[in-house]
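Peer 1: Okay, here's the prediction I keep looking at, along with the sequence it came from:
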Amino acid sequence: MVRVVFPQHLLSVTGGEREVAVEADNFRELLEALEARFPGSREPLAKSAAAVDGQIYQDAFLEPLEPGSEVFFMQRIEGG
């Protein structure tokens, strides 16, 4: 299981849920699982940066996720 934490700006797509536990081996599976749980969430999540245990990833959708990892989605800031 992976612990996923959503910031304030994504709570509208998660129905107000701030944290969930998801079974996923990589980012692609994580996005699929979150889309199944929160329909319409895939696009806003895919446009966000993600930090896995403090390491920031933006486009590494096949990056492996270790069981027990914590994934934090965040607003991507362009050009700053």
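Peer 2: Perfect, thanks for sending it.
Peer 1: who's the most centrally placed residue in the chain bridged to?
Peer 2: In the chain, the C-alpha nearest the mean C-alpha coordinate belongs to residue 73, at 4.8 Å (CA atoms, centre = their mean). Note on residue 73: beta-bridge partners by DSSP bridges are residue 50.
Peer 1: all numbers from here: first residue = 32
Peer 2: Sure, I'll start counting at 32 from here, so that last one is residue 104.
Peer 1: What are the buried residues along the helix or strand encompassing residue 35?
Peer 2: Element membership for residue 35, per DSSP states H and E: strand 33-36. Neighbour-count burial for strand 33-36 flags 33, 35 (criterion: 16 or more other CB atoms under 10 Å). Where C-beta positions appear, they are placed from N, C-alpha and C, glycine not excepted.
Peer 1: likewise stretch 82-96?
Peer 2: Going by neighbour count (16+ other CB under 10 Å), the buried part of stretch 82-96 is 83, 96.
Peer 1: List the strands paired with the lowest-mean-pLDDT helix or strand in the chain, with their directions.
Peer 2: None of the helices or strands of the chain scores lower by mean pLDDT, DSSP states H and E than strand 86-88, at a mean of 84. Next to strand 86-88 in the sheet, as set by DSSP bridges, lie strand 80-83 (antiparallel).
Peer 1: which residues are in contact with the partner strand?
Peer 2: Strand 80-83 has contacts (CB atoms under 8 Å, 6 or more residues apart in numbering) with 58, 87-89, 94, 96, 100-107.
Peer 1: about what we covered before: contact partners of the least confident helix or strand of the chain?
Peer 2: Contacting residues not belonging to strand 86-88 are listed as 58, 80, 81, 82, 94 [CB under 8 Å, 6+ apart].
Peer 1: Of all the residues you listed, the one with the weakest confidence?
Peer 2: Within the set of these, pLDDT is lowest for residue 94 (79).
Peer 1: quick one: it from residue 32, how far?
Peer 2: Distance, residue 94 to residue 32, using CB to CB, to the nearest Å: 17 Å.
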